[in-house]
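Novice: here are the coordinates; sequence isn't available:
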């Protein structure tokens, strides 16, 4: 099974370098004009239910039905939501979070382990659903954090979360053996940037 994992196109908050997680922003007009990689055709499109992902999915795959996947929502950044580094850099809570390497829970937001668990539950459901449908290739339009959580969780080399950062509109082509997956060998067998 092949998954084309695509980070949604940019929003105004992304361009301002704000922490945009639970804020349900729409894409900005410039996103529709930006040069993009050539993504392969797919049988099914899965998207986070947030506007920026559904709009990206419709733009990239206008003829395809989109299945919204609740578990693939972005992390809730809590106190940091909608703010930039410049606005946060003097807050003790932000400095503590940075010093933790991003491992602490976001103050008044989502804990990273809870977020990763949610993404993994979504991936489990996704693989079962696509296997039942005999789908060979699907697109997953999600958030940067969601993609990083999934790839770091199922990377056979165990590379860390932030290694999988990708710009808006870009992503990864990944493969998995659904038979091995169903038998408990839950890993991605190949991952390449697109």
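Specialist: Great, that's in hand. Keep in mind that this is a model prediction, so the values were computed, not measured. Residues are numbered from 1 along each chain as shown.
Novice: output the longest helix belonging to the protein.
Specialist: Longest helix in the chain by number of residues (criterion: DSSP state H): helix 112-132.
Novice: show me what that helix is packed against.
Specialist: strand 137-142, helix 144-154, helix 178-182 (3 or more Cβ pairs under 8 Å, 6 or more residues apart in numbering; DSSP states H and E). For every residue, glycine as well, the C-beta is placed using N, CA and C.
Novice: take these and lay them out in CSV including distance to residue 58 and mean pLDDT.
Specialist: Formatted as CSV, the helices and strands packed on helix 112-132 follow (distance: least, Cβ to Cβ, whole Å; pLDDT from 0 to 100):
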stretch, distance to residue 58, mean pLDDT
strand 137-142, 9, 98
helix 144-154, 18, 96
helix 178-182, 27, 92
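Novice: out of the ones you listed, which is the most enclosed?
Specialist: By mean neighbour count, with neighbours taken as mean count of other Cβ atoms under 10 Å, strand 137-142 ranks first of those at a mean of 26.
Novice: hmm, who's touching it?
Specialist: 1-8, 39-48, 53-54, 56-57, 60-61, 64, 69, 72, 74, 126, 130 (Cβ atoms under 8 Å, 6 or more residues apart in numbering).
Novice: show me just the buried residues among these.
Specialist: 1-8, 39, 42, 44-48, 53-54, 56-57, 60-61, 64, 69, 72, 74, 126, 130 (16 or more other Cβ atoms under 10 Å).
Novice: next one: the closest residue to residue 163 other than its chain neighbours from residue 39, what distance?
Specialist: Leaving aside its sequence neighbours, residue 163 sits nearest to residue 152 (Cβ to Cβ, 6 or more residues apart in numbering; 7.1 Å). Plainly put, residue 152 is 22 Å away from residue 39 if you go by Cβ to Cβ, to the nearest Å.
Novice: with residue 147 instead?
Specialist: Between residue 147 and residue 39 the computed distance is 14 Å (Cβ to Cβ).
Novice: tilt between the longest helix of the chain and helix 144-154?
Specialist: Interaxial angle, helix 112-132 versus helix 144-154 (axes from the mean of the first three to the mean of the last three Cα atoms, to 10 degrees): 80 degrees.
Novice: could you check the angle helix 112-132 makes with strand 137-142?
Specialist: Note on geometry: by the same axes, to 10 degrees, helix 112-132 and strand 137-142 are set 160 degrees apart in direction.
Novice: quick one: helix 112-132 to chain centroid distance?
Specialist: With Cα atoms, centre = their mean, to the nearest Å as the basis, helix 112-132 stands 12 Å off its chain's centre.
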